[in-house]
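**Student:** Need coordinates for the following:
(2 chains)
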Number of protein chains: 2
Amino acid sequence: MDSCVIPLRHGGLSLVQTTDFFYPLVEDPYMMGRIACANVLSDLYAMGITECDNMLMLLSVSQKMNEKEREQVMPLMMKGFRDAAEEGGTSVTGGQTVINPWIIVGGVASVVCQPNDFIMPENAVPGDVLVLTKPLGTQVAVNAHQWLDIPEKWNKIKLVISKEEVEQAYQEAMLNMATLNRTAAALMHKFNAHAATDITGFGIIGHARNLAQQQRNDVAFVIHNLPIISKMAAISKAGGNLFGLLQGTSSETSGGLLICLPREQAARFCAEMKSSRVGLSGAVGQDGGVGDGQQAWIIGIVEKGSRCARIIDKPRIIEVPYRGSVVNAQEASNNNASPPQVQQT
Amino acid sequence: MDSCVIPLRHGGLSLVQTTDFFYPLVEDPYMMGRIACANVLSDLYAMGITECDNMLMLLSVSQKMNEKEREQVMPLMMKGFRDAAEEGGTSVTGGQTVINPWIIVGGVASVVCQPNDFIMPENAVPGDVLVLTKPLGTQVAVNAHQWLDIPEKWNKIKLVISKEEVEQAYQEAMLNMATLNRTAAALMHKFNAHAATDITGFGIIGHARNLAQQQRNDVAFVIHNLPIISKMAAISKAGGNLFGLLQGTSSETSGGLLICLPREQAARFCAEMKSSRVGLSGAVGQDGGVGDGQQAWIIGIVEKGSRCARIIDKPRIIEVPYRGSVVNAQEASNNNASPPQVQQT
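**Tutor:** Model (predicted):
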């Protein structure tokens, strides 16, 4: 499971906790703080938990940074982390900072829940469908961005993507990673989700397999569609199946939720992800400049099987356009709709 | 405060949490795991909390260790951590491990409490006395042990201590650091403690000052006695006031609790620390081979003042003998007392 669930001695309550910490993977310290916090909270959201009672921040300052670098970088990272926590309706009230060769950023999210507050990830049934709430490809996007400065790497992929597109894909990946899965968690209750997990280091297939193994029923997950940040599939192919993106093994950071939903609910779940805020802010907010809902995709089905997961032979690649172009496309097709409000935090 | 206290949405309950992680300071990985866990739990014990609902373990494996070293060291460290958690009546049900240049070991302790379960550290009154539940000097002992192999360091202290004594002092420090403050936490309730903190990185005077600042009443803490692991004061003097041990600034790891107790209760508190187990295991247990109660000392008084703390000009140094000699002395003076039972965990 993504979080641990501890039954308490008090009136049927449970303590649900999760921790995650890692090394910076984007250059912008503020966004890195946001991503780290979104990544920690995501383990709660995967259980349909929308509230968090407390967040601890775990930090290490790099001993290789001089005083000035520390003063520039660390407060921004902490601000990003705190802002994302606030967007998640919680606040950071503790933690620890140490000196270390490398920067580390992470946290511990804790919440005390009543039984109805969370959805144990174990009740998928044949006939359910699989929904994914963020596109794949963050690892490819982050690496491609680093390769702009490494000619021998860049040469391998420059035929399939321009430098501007790499920059856009990187921005898109960063915004996705910094987006909370909180709206999806709330909608899991509304649309009767049977199980969910969040996609991180093991890639979509790794997490799909883990989730399948936890099911009470004899089910198998079959993935037909792979929504991927635009051009990242092409980069992966050009690089000789880079990171196994098309096999689902490319690791993601702060990825979307993979949710098992009753078939008749899934389309409405996706529609509501896109249109509604459910009273929660699921977007990056003012700093990220993104006010629209998140897209979600039906990517597969749950059939009878032996608690395993697979991607079909030739999955359909859904090229997910960069945010700028999404907004333009929306404006063109739907220019009398008023833009959704960004909840300012 | 040593822990954060988060009021919950459920029936007057509070979530109390603390986190601590640091780098190994003793060579024995098993003991290091125990010490790390004792150190995390100590923040709860300082608030009179005797239970812990969940422990997360935070680890980093050093990238400089080869496969074989990792396989030898990390499981022992984890076992030590888990054993100490079990002795604290809790278990480790989550956490994260990363690769890092340095080894890191730490954890997150969480408990959901009713109002009576914890003692806010803010109600000291003039007339109280200060009790300390472990001797000082762990930093000096750990460093002196390292200096056995560094001639220019060793030469500075060899006139006041033998190599055997350094070894014994190191063992003593290690056992003290690995001892849980749980018995003290339980006795804080029985003897109506007004406030407490645990002694760690800021030394006794730093933590005494922090505690003084949190008091509701106009009080000052005055420390008259410094219980110090035998010969560590002499080393500190020989080294030119090494670490400021006699000024109370030498940092401690997993130190004792500093407790404000009503004067008429303090002697009984100390007596019960030494004699009784209060149904809890306060000692290192089978592995450490220590079954007797912990010593505690009345070290100072609370008087009217401006929320500050000081050590008097010439404090009395209490030389706390190494455990071997304690047992021998006890056996000599009291050889018809049956030895206390070690609670096996």
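**Student:** residues touching the residue nearest to residue A:117 when sequence neighbours are not counted, list them.
**Tutor:** Spatial nearest neighbour of residue A:117, chain neighbours left out: residue A:49 (5.9 Å); criterion: CB to CB, 6 or more residues apart in numbering or on different chains. Using the backbone N, CA and C atoms, a C-beta is placed for each residue, glycine as well. Counting by CB atoms under 8 Å, 6 or more residues apart in numbering or on different chains, residue A:49 makes contact with A:3, A:16, A:111, A:113, A:117-118, A:185.
**Student:** can you map out the strands along the stretch 51-200 of chain A?
**Tutor:** For the stretch 51-200 of chain A, the strands defined by DSSP state E, counting those that start in this stretch cover A:54-62, A:92-100, A:104-113, A:129-132, A:195-198.
**Student:** Oh, that last question was meant for the stretch 201-345 of chain A, not what I typed.
**Tutor:** A:219-229, A:257-261, A:297-304, A:308-320.
**Student:** Of the ones you listed, which is nearest chain B?
**Tutor:** With CB to the nearest CB as the measure, strand A:257-261 is the member of the strands of the stretch 201-345 of chain A nearest chain B (19.4 Å).
**Student:** before we move on, back to that, just confirm the residue nearest to residue A:117 is within a helix.
**Tutor:** No: counting by DSSP: H, G, I helix; E, B strand; the rest coil, residue A:49 falls outside a helix, being coil.
**Student:** hmm, back to that, compare the contacts of residue A:49 and tell me which has the most neighbours.
**Tutor:** residue A:185 (31 neighbours; other CB atoms under 10 Å in any protein chain shown).
**Student:** Spell out which parts of chain A neighbour chain B.
**Tutor:** A:3-4, A:6, A:8-11, A:13, A:15, A:17-23, A:53-54, A:56, A:58, A:93-96, A:98, A:100-102, A:104, A:106, A:108, A:110, A:112, A:114 (CB under 8 Å from any CB of the partner chain).
**Student:** If any of those residues are buried, put those into a PyMOL selection.
**Tutor:** In PyMOL, a selection of the buried entries from these looks like this (16 or more other CB atoms under 10 Å in any protein chain shown):
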select buried, chain A and resi 3+4+6+8+10+13+15+17+18+19+20+21+22+23+53+54+56+58+93+94+95+96+98+100+102+104+106+108+110+112
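**Student:** Could you tell me the least trusted of the strands of the stretch 51-200 of chain A?
**Tutor:** Of all those, the minimum mean pLDDT falls on strand A:92-100 (a mean of 89).
**Student:** residue nearest the centroid of chain A?
**Tutor:** residue A:255 (2.4 Å; CA atoms, centre = their mean).
**Student:** what sits against it?
**Tutor:** By CB under 8 Å, 6+ apart, the neighbours of residue A:255 are A:42, A:134, A:136, A:138, A:176-177, A:198-200, A:204.
**Student:** For the residues you listed, pick the one with the most neighbours.
**Tutor:** residue A:42 (32 neighbours).
**Student:** isn't that one right up against residue A:196?
**Tutor:** No: Residue A:42 lies out of contact with residue A:196 (CB atoms under 8 Å); the separation is 10.5 Å.
**Student:** shared neighbours of those two, which are they?
**Tutor:** Common contact partners of residue A:42 and residue A:196 (CB under 8 Å, 6+ apart): residue A:257.
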